[in-house]
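Asks: Structure for the following, please:
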Amino acid sequence: MKSLITFSLLLFVTISFSQTLTQEEMAKKTVVGFFEAFHKQDTVKLRSFAHQNIVLQSISVSAENETKLTTDSYSKFLQGIASIPDTTKFEEVLHSFEISVHGKMANVSTPYSFYLNGEISHCGVNSFQLLKQDGQWKIIYLVDTREKTGCHKD
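Replies: Just a heads-up that it's a prediction; the model follows:
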């Protein structure tokens, strides 16, 4: 009986420790959750992933080959997501994750391809800066690149 209790206790402790997420996994979970909410157009959930002072920027290249940096408010981003008609299908496919954590700050980089109604629209890289506050990772900065050429289809 004593060995059964000891075995059960060891099994419980092993399972408990194996379910603890690393800081890198927690940061990744935040970004994955952001995209799940994005695809569902769930603006309430999207707001929950962002710090109140989040900054959004995009880097693109014009037809004249000029680099352009655009800054938008998170509120404008959320309004844009909410206004997408149900007839429009969109998906941002993330290809991989590069994650580094330094104390209360994390960087998550994700190359992506963006599809609009089943056709590739553009591709690039997202770079998320996260802040760990009150035990949760919050997105404080998101910059992405947007390219129309050189995109591979998944």
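
Asks: quick one, what contacts the nearest residue to S60 once chain neighbours are set aside?
Replies: Of all residues not flanking S60 in the chain, R146 sits nearest, at 4.6 Å (C-beta to C-beta, 6 or more residues apart in numbering). All C-beta spots, glycine's among them, are computed from the backbone N, C-alpha and C. By C-beta atoms under 8 Å, 6 or more residues apart in numbering, R146 lies in contact with S58, I59, S60, H122, C123, G124.

Asks: Closest to P85 out of the residues you listed?
Replies: Nearest to P85 among those, counting by C-beta to C-beta, is H122 at 19.6 Å.

Asks: got the contact list for the nearest residue to K68 once chain neighbours are set aside?
Replies: Computed as C-beta to C-beta, 6+ apart, the closest residue to K68 that is not its neighbour in sequence is S60, at 5.1 Å. If you count contacts by C-beta under 8 Å, 6+ apart, S60 has them with T67, K68, T70, T145, R146, E147.

Asks: In ChimeraX, how would I select just the buried ones from those?
Replies: Selection of buried members from the contacts of S60 for ChimeraX, criterion 16 or more other C-beta atoms under 10 Å:
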select :145,146
